[in-house]
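1. Need the 3D shape of this:
(2 chains)
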Amino acid sequence: MTEWLHMGFMQNALAAGILLSIVLAVVSCFVVLRKFSFIGVGVAHSAFGGVALGALIGVSPTVSAIVFAVCVANAIGVVGNQKRLSADTAIGIFFSLAMALGIIFIGLSNTYNVDLFGYLFGNILAITHQDILIIAVLGSLVLASIRLFFKELLFVAFDSEVAHVSGIPVMFLDHFFLTILALTVVISMKVVGIILVSALLVIPGAAAAQITDRYGAMFAVAIAVALFSTIGGLCISYYADLASGATIVTLASLIFFVFFGIGKWLKGKG
Amino acid sequence: MTACQIMTSPEPDILVDISDVWVRFDGKWVLKSIYLKCYEGEILGIVGPNGGGKSTLLKVILGLIAPIKGTILLFGQKPGGQARLNVGYLPQISHADRSFPVTALDVVIMGLYQQMGLFTRFRPRHRQAALEKLEQVGMADHADKPFGVLSGGQQQRVQIARALVSDPRLLVLDEPSTGVDSVGQEDFYELLAGLRDSLQRISVIMVSHDIGVVTSHADRVACLNREIHYHGETDSDMDSDIHQKVFGRNLKVMVHDARCVSCNMRHVDHD
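-> Numbering: from 1, shown residues only, chains lettered A, B, ... in the order given. Presented below is the predicted three-dimensional model:
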């Protein structure tokens, strides 16, 4: 049963998956608490435009995706804050624009050097040691910066109006979090893919929220859900010959539904 | 009607001084020439119809909206910045997410975050301060309960504790009757009166559409419908003595009733 662990590419995928699980789980808790789920979808899809831009101008897709996704995430934040436009309208416009630009960039570049499908759907065979290093460095940066602003992010998520009145820099923290969200999306692209990463930006936190009523427990359960889904998903995908990203997301979704049922049952009991 | 100014007596500190404040949204004046003062130790009620500018005035006081014209001073300073540290704010109950995974104590500690500063974690003394405030509002037994399972009235008490935990000089309450049943409301106003008596220097500004509640619990009441109308002001025969009584800071302003036509409100409740 441990045969898959001896394969070099699976070891890389597993190392990357474990690191990503922790980052995605922590970010997903704030995504759920701040009610930013749809922003996660928008930012994830916008990374595709960045990857395609990298292919067009000959820059590393990771670098161009970071720049592109960070810009789009913050643009959504700025436009979504205007009274005339609701946030979901802003997200809808920006994410389709980014996808459209991505398709145009691909058309213009006429290149097949970059595995675009790998970025869209995830390709664990393509995970290199360099990717693991990038995930470790950027992932640590994301976790460390969340740790720095943890209590402020929590206050803003709970009640942004009171947080603002009491002097917490709500707008700065929202843009800070959107930037973190964009970085998380980019480092997750190769393992789970752009299409499915938004699921992991929501499900671990959402599943944990079903059965916990303390934020500490919520973060711990979310990390456990993400780790279980990633490790279990990679294992199943290897033996059943399924796409790894899709298997991970399906497993995470199943856990969500189980926790949803448990949560309802616990509420009924209490 | 033109704006009116409260006649002041020199002794108590003026905590909030709003002078000729104008606010416009989308080409419409929401607040016109507002003059309002709130003194140390008083409960000032602001009543008015929905759309009359109550929330906007509150946001001006809290420093969330800058007026187009006019000045506003909180403790002699501009709103926002350092002045924020002296303001406790109780939002409408509906703003809080009931499923949010925090305890009552966690919510109160949030009121100390600004004092703690960035990058720091809370310490036992912060926890102690939060517990003391929960005790003061009669919620100490519920400190470790999830905020979401508390009743509307209990949540409101917890939020009052959060607003008070930084020892503010001014407490701003937005529609404190919303989402709380009538028993809870009575308890709340008793608590408020008790707090005002025990915390000598604290002042309260309370905004509500519920005229009856405000008039029975505030020291002074201002009617706001884009402009400030103090009750009784429409009586043109009012002599200077009555005028002094109506606008003098030591008097409870006349009880709002159906005769108060100036604020153009529907008298549905408590009349």
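
2. only C-alpha atoms for contact and neighbour calcs from this point on.
-> OK.

3. and B:K37, that's in a helix?
-> No: under DSSP: H, G, I helix; E, B strand; the rest coil, B:K37 falls outside any helix and is assigned strand.

4. roughly how far apart are it and chain A?
-> Using C-alpha to the nearest C-alpha, to the nearest Å, we find B:K37 at a distance of 20 Å from chain A.

5. got the contact list for whatever residue of the stretch 151-271 of chain B ends up closest to chain A?
-> Ranking the residues of the stretch 151-271 of chain B by distance to chain A (C-alpha to the nearest C-alpha) places B:A163 first, at 9.1 Å. Counting by C-alpha atoms under 8 Å, 6 or more residues apart in numbering or on different chains, B:A163 makes contact with B:V87, B:G88, B:Y89, B:L90, B:V108, B:G111, B:L171.

6. what's the burial count for A:I127?
-> If you count neighbours by other C-alpha atoms under 10 Å in any protein chain shown, A:I127 ends up with 20.

7. Flag the shaky bits of chain B, pLDDT-wise.
-> Across chain B, the ranges flagged by pLDDT under 70 are B:1-11, B:93-96, B:179-180, B:200, B:230-271.

8. now the strands for it?
-> Along chain B, counting by DSSP state E, strands occupy B:14-25, B:28-39, B:43-47, B:69-74, B:87-90, B:170-174, B:203-208, B:220-225, B:227-229.

9. out of those strands, which comes closest to A:A136?
-> Of all those, it is strand B:87-90 that lies closest to A:A136, at 41.6 Å by C-alpha to C-alpha.

10. if we can go back for a sec, can you redo the strands of chain B as TSV with mean neighbour count?
-> Listed next are the strands of chain B as TSV, based on neighbours: other C-alpha atoms under 10 Å in any protein chain shown:
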stretch	mean neighbour count
strand B:14-25	19
strand B:28-39	20
strand B:43-47	26
strand B:69-74	19
strand B:87-90	26
strand B:170-174	23
strand B:203-208	24
strand B:220-225	25
strand B:227-229	25
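
11. Show me the one of the ones you listed that comes nearest A:I223.
-> So among those, strand B:87-90 is nearest, using C-alpha to C-alpha, at 34.1 Å.

12. What strands line up against that closest one, and which way round?
-> strand B:170-174 (parallel) (DSSP bridges).

13. Send me the strand it pairs with as CSV with only the CA atoms.
-> Extracted in CSV, the C-alpha atoms of strand B:170-174 (Å, rounded to 0.1, in the frame of the first residue of the first chain):
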residue,chain,number,x,y,z
LEU,B,170,-18.2,58.4,24.9
LEU,B,171,-20.5,55.5,24.1
VAL,B,172,-22.3,55.6,20.7
LEU,B,173,-25.3,53.3,20.4
ASP,B,174,-27.0,52.6,17.0
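
14. tally of neighbours for the residue of the stretch 101-250 of chain B at minimum distance from chain A?
-> The nearest approach of the stretch 101-250 of chain B to chain A comes at B:P101, 4.3 Å away (C-alpha to the nearest C-alpha). By the measure other C-alpha under 10 Å, the count of residues near B:P101 is 20.

15. Run through who's touching the helix or strand of chain A with the lowest mean pLDDT.
-> Least confident helix or strand of chain A, by mean pLDDT, DSSP states H and E, is helix A:116-121 with a mean of 83. Around helix A:116-121, the neighbours that count as contacts under C-alpha under 8 Å, 6+ apart are A:F48, A:V51, A:A52, A:A126, A:M189, A:K190, A:V192, A:G193, A:I194, A:I195, A:L196, A:G245.

16. give me that answer again for 10 Å
-> A:44-45, A:47-48, A:51-52, A:55, A:61-62, A:106, A:122-126, A:186, A:188-197, A:243-246 (C-alpha atoms under 10 Å, 6 or more residues apart in numbering or on different chains).

17. same thing with stretch B:128-137?
-> Counting by C-alpha under 10 Å, 6+ apart, residues outside stretch B:128-137 touching it are B:104-112, B:124-126, B:138-143, B:154, B:156-167, B:188, B:191-192, B:194-195, B:198.

18. Tell me the buried residues within these.
-> Among these, those buried by neighbour count (16 or more other C-alpha atoms under 10 Å in any protein chain shown) are B:104-112, B:126, B:139-140, B:142-143, B:154, B:156-167, B:188, B:191-192.

19. Quickly note the distance from B:T120 to B:L112.
-> 11 Å (C-alpha to C-alpha, to the nearest Å).

20. before we move on, the earlier item: using TSV, lay out the strands of chain B together with distance to A:A209.
-> Listed next are the strands of chain B as TSV, based on distance: least, C-alpha to C-alpha, whole Å:
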stretch	distance to A:A209
strand B:14-25	39
strand B:28-39	41
strand B:43-47	39
strand B:69-74	40
strand B:87-90	26
strand B:170-174	29
strand B:203-208	34
strand B:220-225	42
strand B:227-229	46
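
21. Many thanks, we can stop here.
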